[in-house]
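Peer 1: kindly generate the corresponding structure for this input.
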Amino acid sequence: MTQVPAIIDIEASGFGRGSYPIEVGIALESGEVHSFLIKPADNWTHWSVEAEKIHGISRQRLLEEGQSPRAIALQLNELLRGMVLYSDAWGFDSSWIARLFDEAGLIQRFKVESINKLFNEEQMEHWNRTKDRVWKEHGSNYRHRAAQDVSVIQETYNRIAKLG
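Peer 2: Model (predicted):
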């Protein structure tokens with residue numbers, strides 16, 4: 001059987017210019033999941049009510065429970081050093097991780113790649129349909145939180161990899 005890749009997913013304050021990471025979820029190759037809430041830096045002010053409706057994380061909760069961007073970046077580097085993690089939203093996730101490490105003043109010690117690199121064209125045609133099925137199996141009350149998303153992405157990968 002194919003080795004299951006490590007997955008990364010990031011929830012953000014919104015989309016587009018000014019948005020920033022608020023939660024990072026990691027599923028390691030072993031299936032072990034880690035999740036980190038990020039306290040917004042003082043200059044991170046953009047907030048989308050629409051995005052909050054999707055992930056369900058309030059800015060107030062981040063201020064109370066989140067860790068500083070530097071603390072999160074240090075933990076990610078320690079946990080992921082030298083690894084390649086895969087994202088199904090690489091354009092967004094890679095820019096948000098870059099923003100986190102820029103704010104922390106640290107060099108990122110792991111790589112983030114698109115999950116598309118792991119599949120051929122035929123397999124990618126099954127991605128959205130398979131992922132939707134996995135979401136439905138988890139139930140309608142399943143929120144888009146980073147830790148849940150990485151588990152869904154890893155399960156979707158497993159199912160598509162079996163297609164050969």
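Peer 1: name the residues of stretch 108-115 that are buried.
Peer 2: Neighbour counts using 16 or more other CB atoms under 10 Å place 108, 110, 112, 115 of stretch 108-115 among the buried residues. Every residue, glycine included, has its C-beta placed from N, CA and C.
Peer 1: now the third one. Nearest residue, chain neighbours left out?
Peer 2: Taking CB to CB, 6 or more residues apart in numbering as the measure, residue 112 lies nearest to residue 94, with 4.9 Å between them; neighbours along the chain are not counted.
Peer 1: which stretches in this structure count as helices?
Peer 2: 49-55, 59-65, 69-80, 90-104, 121-124, 127-137, 146-161 (DSSP state H).
Peer 1: right, so the ones you listed: which one is the most enclosed?
Peer 2: Mean neighbour count (mean count of other CB atoms under 10 Å) peaks for helix 146-161 among the helices of the chain, with a mean of 21.
Peer 1: now do that helix: which elements does it pack against?
Peer 2: strand 6-12, strand 21-27, strand 33-37, helix 127-137 (3 or more CB pairs under 8 Å, 6 or more residues apart in numbering; DSSP states H and E).
Peer 1: for residue 48, find the nearest of the ones you listed.
Peer 2: strand 6-12 (8.4 Å; CB to CB).
Peer 1: what angle separates the closest one from strand 33-37?
Peer 2: Interaxial angle, strand 6-12 versus strand 33-37 (axes from the mean of the first three to the mean of the last three CA atoms, to 10 degrees): 20 degrees.
Peer 1: so residue 89 makes contact with residue 9?
Peer 2: Yes. Counting by CB atoms under 8 Å, residue 9 is a contact partner of residue 89 at 7.4 Å.
Peer 1: pLDDT at the nearest residue to residue 45 once chain neighbours are set aside, what is it?
Peer 2: Computed as CB to CB, 6+ apart, the closest residue to residue 45 that is not its neighbour in sequence is residue 18, at 7.5 Å. You'll see residue 18 listed with a pLDDT of 92.
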